[in-house]
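A.B. asks: Mind folding the following:
(one chain, ligands or ions: 1)
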Amino acid sequence: MKIIKVRDYEAMSKKAAVIVSSQINMKNDCVLGLATGDTPLGMYKELIKMYKEEIIDFKEVTTFNLDEYYGISGENEQSYKYYMDKNFFNHINIKPENTHIPNGMAEDIEEEARRYDSLIQGMGDIDLQILGIGRNGHIGFNEPDVKFEACTHLVDLDDETIEANSRFFDDIEDVPKKAISMGIKNIMHADKIILIASGIEKADVIKETIEGSISPNVPASVLQLHPNTIFILDEAAASKLNI
Ligand SMILES: N[C@@H]1[C@@H](O)[C@H](O)[C@@H](COP(=O)(O)O)O[C@@H]1O
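C.D. replies: As a prediction, this is how the structure comes out:
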């Protein structure tokens, strides 16, 4: 596990984008695992800039998103499908058929989870997984639990997560209560992982994740067992670490 502490959110975004662009330049048909939320927005902006400056090319890249809300369609402005199109995919030359996000409207969730897992495995797993982190230590939508969920699955969102994500919705009642998320096994099978975190509100969970015990109660703590994980943290998010 490597920790890169940078000055601020902009420096974190630039650093993450440089790592992603290096991955693409090393392997132009690489498989990227993508995250949503506020934290990766700066990184996506940097990657779009690099694409426009012809530093990177996405035409052979395949992507898998970590998660999607359950019960809202990809046309819904609050869906992660909409978020990815708006903030990234519509601005680069990635082929839509090479971008994958769990289907939040699937009739048969078990079938959808199996479909998603087999798609990921069919691509030989993920070369580089980008993660954010929830304030309760969730990665993707793997919430604190009594066990690590292995594969893609339907998850009941914690009240804390619903509250934190309600900022994107008009009313907290509109926030979906369930989501489909890659599991810990999907994430841990990635060859490389970068976890990005910014702001003082993530300092406690970053300390627990990196310096605490490995426990499904802090799902991100499992990353201590991953051989090739880099944490890119701004000074505020890293402020409670003993480094
Ligand atoms: N499912 C997403 C996670 O993938 C993301 O990491 C988390 C933190 O979001 P933010 O970066 O906005 O703090 O929010 C959501 O729960």
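
A.B. asks: For the chain, which segments count as helices?
C.D. replies: With DSSP state H as the definition, the chain shows helices at residue ranges 9-26, 41-52, 80-87, 109-122, 159-165, 184-188, 203-211.

A.B. asks: okay if I get these as CSV plus mean neighbour count?
C.D. replies: Using the backbone N, CA and C atoms, a C-beta is placed for each residue, glycine as well. Shown next, in CSV, are these (neighbours: other C-beta atoms under 10 Å):
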stretch, mean neighbour count
helix 9-26, 18
helix 41-52, 19
helix 80-87, 19
helix 109-122, 16
helix 159-165, 16
helix 184-188, 21
helix 203-211, 19
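
A.B. asks: Worst mean pLDDT among those helices?
C.D. replies: Of all the helices of the chain, mean pLDDT reaches its minimum on helix 159-165 (a mean of 90).

A.B. asks: circling back to that earlier point, could the helices of the chain be laid out in CSV, adding distance to residue 171?
C.D. replies: Listed next are these as CSV, based on distance: least, C-beta to C-beta, whole Å:
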stretch, distance to residue 171
helix 9-26, 28
helix 41-52, 23
helix 80-87, 18
helix 109-122, 25
helix 159-165, 12
helix 184-188, 31
helix 203-211, 26
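
A.B. asks: In CSV, list the ones you listed along with distance to the ligand.
C.D. replies: Output for these, formatted as CSV (distance: least, C-beta to the nearest ligand atom, whole Å):
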stretch, distance to the ligand
helix 9-26, 11
helix 41-52, 8
helix 80-87, 8
helix 109-122, 15
helix 159-165, 6
helix 184-188, 11
helix 203-211, 10
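
A.B. asks: With residue 195 as the reference, measure out to residue 152.
C.D. replies: When C-beta to C-beta, to the nearest Å is applied, the distance between residue 152 and residue 195 equals 20 Å.

A.B. asks: roughly how far apart are the most centrally placed residue in the chain and residue 233?
C.D. replies: If you average the C-alpha coordinates of the chain and look for the closest C-alpha using C-alpha atoms, centre = their mean, you land on residue 35, 2.5 Å from that point. In this structure, residue 35 and residue 233 are 15 Å apart, going by C-beta to C-beta.

A.B. asks: With residue 242 instead?
C.D. replies: Counting by C-beta to C-beta, the gap from residue 242 to residue 233 is 13 Å.

A.B. asks: Which of the two has more residues huddled nearby?
C.D. replies: Legend: neighbour count by other C-beta atoms under 10 Å for residue 242 and residue 233, higher for residue 233 (26 against 6).

A.B. asks: All set, thanks.
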